[in-house]
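Novice: okay, structure incoming, though there's no sequence with it:
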């Protein structure tokens, strides 16, 4: 594709009046994700084309502009939990022959609320195959009968991305602020990197890496739970049909907290399928398994290393 595009550019530099080669060049550039130059070529060829091809050129123009437009997202759903405070249901604690009875505040609490997410992002072609990306979002959950456990999160990121017809990769520095109740809770900063390549007409591989730092606003929590986190993942996707995708992947997450008994590593596998319906609606079905292993034994009461499956 690259050699053909160069030949068309050379031809058009000598014969700028040729319409069909200019249209073909615009389509090649569109397929190679070079939307900025594709729009220039397609706009120049558009009016000189016959009606049927003019309509096709306008469709390419519409798609190239849509890819680079602002894309809003919104999601809302009802949520109910019987244990919003993540407490043990056992009322009694027995240790070394002594018995304690927990207060009502220490038992599981029920909560009902609305989980929501609202965001907007844009990826636009700077030049050639180079893109810039911007994104901001807000999310959280509001419990009307347990407001102290309501959460809010604000996320912002900027990034660079390289894209062509075969592969894409990029990096995204990000910041995130979390609130619990009406108080500042954590601040997260980090960077995410990913690489995706089309192996053939049916298969694609994707790898990602993320490094992050979490800092708690409360001084006591910060001394225990401030952490540095590394996440890695690899996924293979199979396109049974253009609108039907099957995928499977593995992942790992390493959470290094100040307090070693809270530090952990997680390993996971996932399988799923995605189907795009007419009109752009999509269906997704997936399943996964994650194993979490803590780094050190709990020292207050128990003397064993926790594992979560």
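Specialist: Happy to help now that I have it. All figures in this text were calculated on a predicted structure; none of them were measured in a lab.

Novice: can you give me the end-to-end distance of stretch 258-271?
Specialist: Across stretch 258-271, the terminal residues are separated by 34 Å (Cα to Cα, to the nearest Å).

Novice: mean confidence score for it?
Specialist: Taken as a whole, stretch 258-271 has a mean pLDDT of 92.

Novice: in it, which residues are buried?
Specialist: Buried residues in stretch 258-271, counted by 16 or more other Cβ atoms under 10 Å: 261, 262, 263, 264, 270. C-beta here means a position set from N, CA and C on the backbone, and glycine is covered the same way.

Novice: among those residues, which one lies nearest to residue 57?
Specialist: Distance ranking of the buried residues of stretch 258-271 against residue 57, using Cβ to Cβ, places residue 270 first at 41.1 Å.

Novice: show me the shaky parts of the protein.
Specialist: Within the chain, the stretches with pLDDT under 70 are 1-2, 91-92, 94-97, 99, 102-104, 280, 298-309.

Novice: contact partners for residue 226?
Specialist: 213, 214, 215, 216, 257, 258 (Cβ atoms under 8 Å, 6 or more residues apart in numbering).

Novice: of those residues, keep whichever come out buried.
Specialist: The neighbour count (16+ other Cβ under 10 Å) marks 214, 216, 257 as buried among these.

Novice: look up how far residue 52 lies from the second one.
Specialist: Read that as residue 216. From residue 216 over to residue 52 the distance is 62 Å, taken as Cβ to Cβ, to the nearest Å.

Novice: which parts of the helix with the most length in the chain are buried?
Specialist: Longest helix in the chain, counting residues (DSSP state H): helix 51-67. For helix 51-67, the neighbour count (16+ other Cβ under 10 Å) marks 57, 60, 61, 64, 67 as buried.

Novice: by contact count, what packs against the very next helix or strand once past that helix?
Specialist: For helix 51-67, the following helix or strand on the C-terminal side (DSSP states H and E) is strand 71-81. Applying 3 or more Cβ pairs under 8 Å, 6 or more residues apart in numbering; DSSP states H and E, one finds that strand 71-81 makes contact with strand 111-127.

Novice: the strand it packs on relative to strand 71-81, how many degrees between them?
Specialist: 160 degrees (axes from the mean of the first three to the mean of the last three Cα atoms, to 10 degrees).
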